[in-house]
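J.: Turn this into a model:
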Amino acid sequence: SASLSPLTSATLPSSLDVSGVGATTGLSGAAKMLAAAKSALGGAYNQGNHDAVSDSASQIQQQGTDCSGFVSYLMGPNGIGDWSQSYATPSIPTAPGMQSGQGSYVTIWNNPNPGNAGHVWIEILGQYFESSGSGGVHQMDQSEVNEYLKSGQYQPFHPTGM
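T.: Alright, predicted model coming up:
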């Protein structure tokens with residue numbers, strides 16, 4: 001019978017190279033993020049729980065979080081696993097695993113103005129989510145998305161491989 005040779009890094013396709021990123025990438029990563037976003041819907045907007053990177057969906061539903069805390073949760077261990085700490089909106093462009101421009105599956109729309117002037121929201125597989133003072137953690141409708149994009153203040157970023 002033929003023996004199977006062990007897999008080595010040389011036999012793996014280069015598309016699997018996500019060195020420096022502890023992430024689930026591509027479509028499966030986007031699907032995991034989408035499930036995490038939907039499971040956290042209903043949480044209140046809460047700047048006091050900004051550090052939500054390691055929160056579970058039920059913790060976010062119970063305690064709420066702010067906009068960057070919600071994106072950090074999706075990028076953290078219960079999302080795709082890129083981030084081990086929460087990042088405030090001005091720091092998102094330089095956070096681990098982030099690349100500028102729109103992604104194939106996920107785009108993080110970031111307005112990096114400091115303090116209450118900044119905001120961030122996320123597009124996952126064509127669906128949009130945010131945590132805002134007007135709606136808490138919610139799925140956005142197209143009119144909200146259009147308003148943000150029309151302002152010209154949001155820059156697109158995406159997780160590597162997504």
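
J.: Off-centre distance for stretch 138-147?
T.: 17 Å (Cα atoms, centre = their mean, to the nearest Å).

J.: What lies in contact with that stretch?
T.: 37-38, 41-42, 121, 123, 127-132 (Cβ atoms under 8 Å, 6 or more residues apart in numbering). For glycine as for every other residue, the C-beta is placed from the backbone atoms N, C-alpha and C.

J.: let's go with 7 Å and repeat that
T.: Identification of contacts with stretch 138-147 by Cβ atoms under 7 Å, 6 or more residues apart in numbering yields 41, 121, 127-130.

J.: Could you pull up the contacting residues of residue 110?
T.: Contacts of residue 110 (Cβ under 7 Å, 6+ apart): 89, 92-93, 120, 154-155, 157.

J.: And the helix or strand containing it, what's buried?
T.: For residue 110, the host element (DSSP states H and E) is strand 106-111. Neighbour-count burial for strand 106-111, counted by 16 or more other Cβ atoms under 10 Å, picks out 106-111.

J.: Let me see the mean pLDDT of the longest helix seen in the chain.
T.: In the chain, assigned by DSSP state H, the helix with the most residues is helix 26-39. The predicted model assigns helix 26-39 a mean pLDDT of 95.

J.: This protein: strands as residue ranges?
T.: 98-100, 106-111, 119-124, 127-132, 136-139, 155-159 (DSSP state E).

J.: Residue 47: which of those strands is closest?
T.: strand 127-132 (9.7 Å; Cβ to Cβ).

J.: and that closest one, how far from the chain's centre?
T.: Using Cα atoms, centre = their mean, the offset of strand 127-132 from its chain centre is 10 Å.

J.: what are the pairing partners of it, and which direction each?
T.: strand 119-124 (antiparallel), strand 136-139 (antiparallel) (DSSP bridges).

J.: is it possible to export the ones you listed to JSON lines including distance to residue 48, mean neighbour count and mean pLDDT?
T.: Shown next, in JSON lines, are the strands paired with strand 127-132 (distance: least, Cβ to Cβ, whole Å; neighbours: other Cβ atoms under 10 Å; pLDDT from 0 to 100):
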{"stretch": "strand 119-124", "distance to residue 48": "17", "mean neighbour count": "23", "mean pLDDT": "97"}
{"stretch": "strand 136-139", "distance to residue 48": "13", "mean neighbour count": "20", "mean pLDDT": "98"}
